[in-house]
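1. Prediction below, plus the sequence it came from.
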Amino acid sequence: MKFAGLLVMPAGFFLSIAALVLFPASNAAARTAFVLCGLAVEALGLVVAARGHIEARSRSSSDDQIDSGRESRP
């Protein structure tokens, strides 16, 4: 999940840059809509990466608790 989020974030960035470059200034509504969509894609990528990082961290801490419980048994 972390890698998917990290790949989606640049896609949103390039979508925003492409909107600024390709849409003329006279079509400000379409330009603004695409830039906002690009920013939303970046935010979604950040959320996916953060959730993947939190999942990995909680999994490793629960594995540590299980391992320490096994060691204390006779």
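-> Nice, thanks for sending it over. Just so it is clear, the structure is predicted and the values come from calculations on it, not from any experiment. Numbering: from 1, shown residues only.

2. Figure out the helix or strand that the spatially most central residue of the chain lives in.
-> Centroid-nearest residue in the chain: G45, 2.2 Å away (criterion: Cα atoms, centre = their mean). Taking DSSP states H and E as the criterion, G45 maps to helix 28-71.

3. Run through the neighbouring helices and strands of that helix.
-> Other helices and strands packing on helix 28-71, by 3 or more Cβ pairs under 8 Å, 6 or more residues apart in numbering; DSSP states H and E, are helix 2-22. The way it works is simple: take the backbone N, C-alpha and C, and place the C-beta from them, glycine included.

4. any idea of the angle the helix holding G45 forms with helix 2-22?
-> Orientation check (axes from the mean of the first three to the mean of the last three Cα atoms, to 10 degrees): helix 28-71 against helix 2-22 gives 170 degrees.

5. low-scoring pLDDT stretches of this structure, where are they?
-> Low-confidence segments of the chain, defined by pLDDT under 70: 62-74.

6. Roughly how far does G5 sit from V48?
-> 3 Å (Cβ to Cβ, to the nearest Å).

7. didn't A56 look like it was pressed against K2?
-> Yes - shown here, A56 and K2 form a contact pair, counting by Cβ atoms under 8 Å, at 7.1 Å.

8. Those two: who's more crowded?
-> K2 (15 against 12; other Cβ atoms under 10 Å).

9. Skip the chain neighbours and tell me the closest residue to the more buried one.
-> Distances taken as Cβ to Cβ, 6 or more residues apart in numbering place G52 nearest to K2, at 3.8 Å, with adjacent residues excluded.

10. one step back: hmm, the residue nearest to the centre of the chain is touching G5, no?
-> Yes - counting by Cβ under 8 Å, G5 is a contact partner of G45 at 4.7 Å.

11. For the residue nearest to the centre of the chain, list the residues it contacts.
-> G45 makes contacts with 4-9, 11-12, as judged by Cβ atoms under 8 Å, 6 or more residues apart in numbering.
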